[in-house]
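Trainee: predicted coordinates and the sequence they were generated for:
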Amino acid sequence: MARASTFSLLFGGFAVLSAARRCQNLTIEVDISARNGVFDIETPVTDIDVANFIFDLGMQGRNYTDEILTGYATVSGTYDIAATYCEPSNRTSDVLQILSHGVGFDRSYWDYPVNNWNYSYTKVAVDDYGYSTFTWDRLGIAESSRGEPVHEIQSWLELAALEKLTNMLRAGEVEGLEGKHFRKIVHVGHSFGSMMAYTITASNRCISDGIVLTGFSHEGAYMPYFLHAGTFVRANSLAPLADYDDGYIAPAVVSAAQANFFAPGMYDPEMLNIAFERGRPAAMGEFLTLIMRTGEPSSFNGPALVITGDRDLPFCGGDCSATGDSGLDSLLDLSAEFLSRASPFEAYVVPGAGHGMGLEYSHVEVTGKILDFLTQNGLAAN
């Protein structure tokens, strides 16, 4: 599972991916523990079993997680985290962005190698705004350590990994990044990654200097839409994901990725196909512990931006503007109550965009809004 911490430089050295940035791949060993849930459920061994799990999890008026929860157990171990660090070619930025991906992707979500990195968030953040960035594969996913997918790979263990990584980066303790010290650290998440960023700062407001929650809202009623639209099957029944154990699940068809991530008329069809082909699975334990502490008010008092496409399915039911409340402009404004101490707080709805807005035609607007928000609120890179 885990091995000694190592690092490798792309192409044998700092890779100049453009005129202004250099990146290196890292393998970071972390010792972590978490209080995980113990569930009375069998690991699915057929696609029918997976469909039944999704049906039970997504039923309205029912908390399936609580129904099958039998207790808690401490899970601990040494795990490898696969990550990529990027910085301007001529210096180390004093502000680091830690970027956490969502379900269905790995760390490349932030640096998609399509059309000469035209969709890359990190490219713009580093080249044009001078930030350093740190992207990582969540536990169980892609090149990070795998694990038992029901009782081990849960949100709580992944949250422990994010906290450990953050503290190591702030203290300059990551092998391969010795001597790099950051004045400020910002957490940026997408979807599940946003849930993690919210939770980690809700319980420890000092761990981050700013948060950006993309593909997110505090409206939880529409998550079953995502579950049922996903057409989930055993990940290892799909050739590209055959090396994952039973208990990891993934969308079976490209139309599932379309329904969950892409809004009508807002994307290049080839990007849809690429996103599906490069897709990653999720562990059942992640779905069972998905919400974490997002339903609790946060004491975080730094800058906070919530930014989501108006046609986001899992967090807005396909229409963030349909609030049913004349005093509420969008469902994203619900987050103001949970982030009442944030200074400033802003909710921004991207017109016409879907849940995967960073991979749609809206990516320029999304990236620009995020980076402008940070630079205008005391988190500009020097």
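Mentor: All right, it came through fine.
Trainee: quick check: mean pLDDT of stretch 365-376?
Mentor: Average pLDDT, stretch 365-376: 98.
Trainee: stretch 224-233 too?
Mentor: So the average pLDDT for stretch 224-233 ends up being 97.
Trainee: end to end on that stretch, go ahead and measure it.
Mentor: Taking CA to CA, to the nearest Å, stretch 224-233 runs 16 Å from one end to the other.
Trainee: gap between that stretch and the chain center?
Mentor: 18 Å (CA atoms, centre = their mean, to the nearest Å).
Trainee: all strands of the chain, in order?
Mentor: Listed in chain order, the strands of the chain (DSSP state E) span 6-9, 15-16, 21-39, 69-88, 95-100, 132-136, 184-190, 210-214, 232-234, 248-251, 282-283, 304-309, 345-350.
Trainee: can you redo those strands as CSV with mean neighbour count and distance to L272?
Mentor: Any C-beta I mention is one placed from the backbone N, CA and C, and that applies to glycine too. Shown next, in CSV, are the strands of the chain (neighbours: other CB atoms under 10 Å; distance: least, CB to CB, whole Å):
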stretch, mean neighbour count, distance to L272
strand 6-9, 13, 32
strand 15-16, 14, 28
strand 21-39, 19, 26
strand 69-88, 18, 24
strand 95-100, 27, 22
strand 132-136, 26, 22
strand 184-190, 25, 17
strand 210-214, 27, 19
strand 232-234, 24, 18
strand 248-251, 27, 12
strand 282-283, 28, 19
strand 304-309, 28, 15
strand 345-350, 20, 18
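Trainee: using CSV, lay out those strands together with distance to Q154.
Mentor: Shown next, in CSV, are the strands of the chain (distance: least, CB to CB, whole Å):
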stretch, distance to Q154
strand 6-9, 27
strand 15-16, 34
strand 21-39, 5
strand 69-88, 8
strand 95-100, 15
strand 132-136, 17
strand 184-190, 17
strand 210-214, 21
strand 232-234, 17
strand 248-251, 13
strand 282-283, 8
strand 304-309, 25
strand 345-350, 29
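Trainee: identify the residue nearest V174 in space, chain neighbours excluded?
Mentor: M168 (5.1 Å; CB to CB, 6 or more residues apart in numbering).
Trainee: mind listing what R234 touches?
Mentor: 44-47, 50, 246, 248-249 (CB atoms under 8 Å, 6 or more residues apart in numbering).
Trainee: could you pull up the residues touching A259?
Mentor: 229-230, 313 are the contacts of A259 under CB under 8 Å, 6+ apart.
Trainee: quickly note the distance from it to A239.
Mentor: As judged by CB to CB, to the nearest Å, A259 and A239 stand 22 Å apart.
Trainee: what of D127?
Mentor: For D127, the distance to A239 - CB to CB - is 36 Å.
Trainee: ok, these two, which is more surrounded?
Mentor: The neighbour count for D127 versus A239, taken as other CB atoms under 10 Å, is higher for D127 (19 against 6).
Trainee: ignoring the adjacent residues along the chain, who's closest to that one?
Mentor: In space, D127 is closest to A20, 4.1 Å off (CB to CB, 6+ apart).
Trainee: tell me the pLDDT of S203.
Mentor: 85.
Trainee: got the contact list for it?
Mentor: Counting by CB under 8 Å, 6+ apart, S203 has contacts R293.
Trainee: quick one on the thing from earlier: nearest to I81 among the contacts of A259?
Mentor: Taking CB to CB as the measure, G230 is the one of these closest to I81, at 25.8 Å.
Trainee: could you find the closest non-adjacent residue to T201?
Mentor: F300 (4.4 Å).
Trainee: for V95, see how far away the one you found is.
Mentor: 17 Å.
Trainee: can you check F216 too?
Mentor: 22 Å.
Trainee: just Y112 next, same as before
Mentor: 23 Å.
Trainee: burial of the nearest residue to C316 once chain neighbours are set aside, as a residue count?
Mentor: Using CB to CB, 6+ apart and skipping residues adjacent in sequence, the residue nearest C316 is L331, 5.2 Å away. Neighbour count for L331, taken as other CB under 10 Å: 28.
Trainee: what do you get for E296?
Mentor: 13.
Trainee: again, but for A256
Mentor: 21.
Trainee: show me what contacts P303?
Mentor: So P303 contacts 209-211, 342-344, 373-374, 377-379 (CB under 8 Å, 6+ apart).
Trainee: could I get the full set of helices for the protein?
Mentor: 47-57, 64-68, 121-127, 155-171, 192-203, 223-229, 254-261, 269-277, 284-288, 313-316, 335-338, 363-375 (DSSP state H).
Trainee: how far does the fifth one sit from the chain's center?
Mentor: In this case it means helix 192-203. 10 Å.
Trainee: okay, the angle between it and strand 184-190?
Mentor: 140 degrees (axes from the mean of the first three to the mean of the last three CA atoms, to 10 degrees).
Trainee: dump helix 192-203 to PDB, keeping only the CA atoms.
Mentor: What follows is helix 192-203 as a C-alpha-only set of coordinates in PDB (Å, rounded to 0.1, in the frame of the first residue of the first chain):
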ATOM      1  CA  PHE A 192     -17.000  16.600  -3.200                       C
ATOM      2  CA  GLY A 193     -13.800  18.500  -3.000                       C
ATOM      3  CA  SER A 194     -15.800  21.600  -2.000                       C
ATOM      4  CA  MET A 195     -17.500  19.600   0.700                       C
ATOM      5  CA  MET A 196     -14.100  18.700   2.100                       C
ATOM      6  CA  ALA A 197     -12.900  22.300   1.900                       C
ATOM      7  CA  TYR A 198     -16.000  23.500   3.700                       C
ATOM      8  CA  THR A 199     -15.700  20.800   6.400                       C
ATOM      9  CA  ILE A 200     -12.000  21.200   7.100                       C
ATOM     10  CA  THR A 201     -12.400  25.000   7.600                       C
ATOM     11  CA  ALA A 202     -15.700  24.700   9.600                       C
ATOM     12  CA  SER A 203     -13.900  22.600  12.200                       C
END
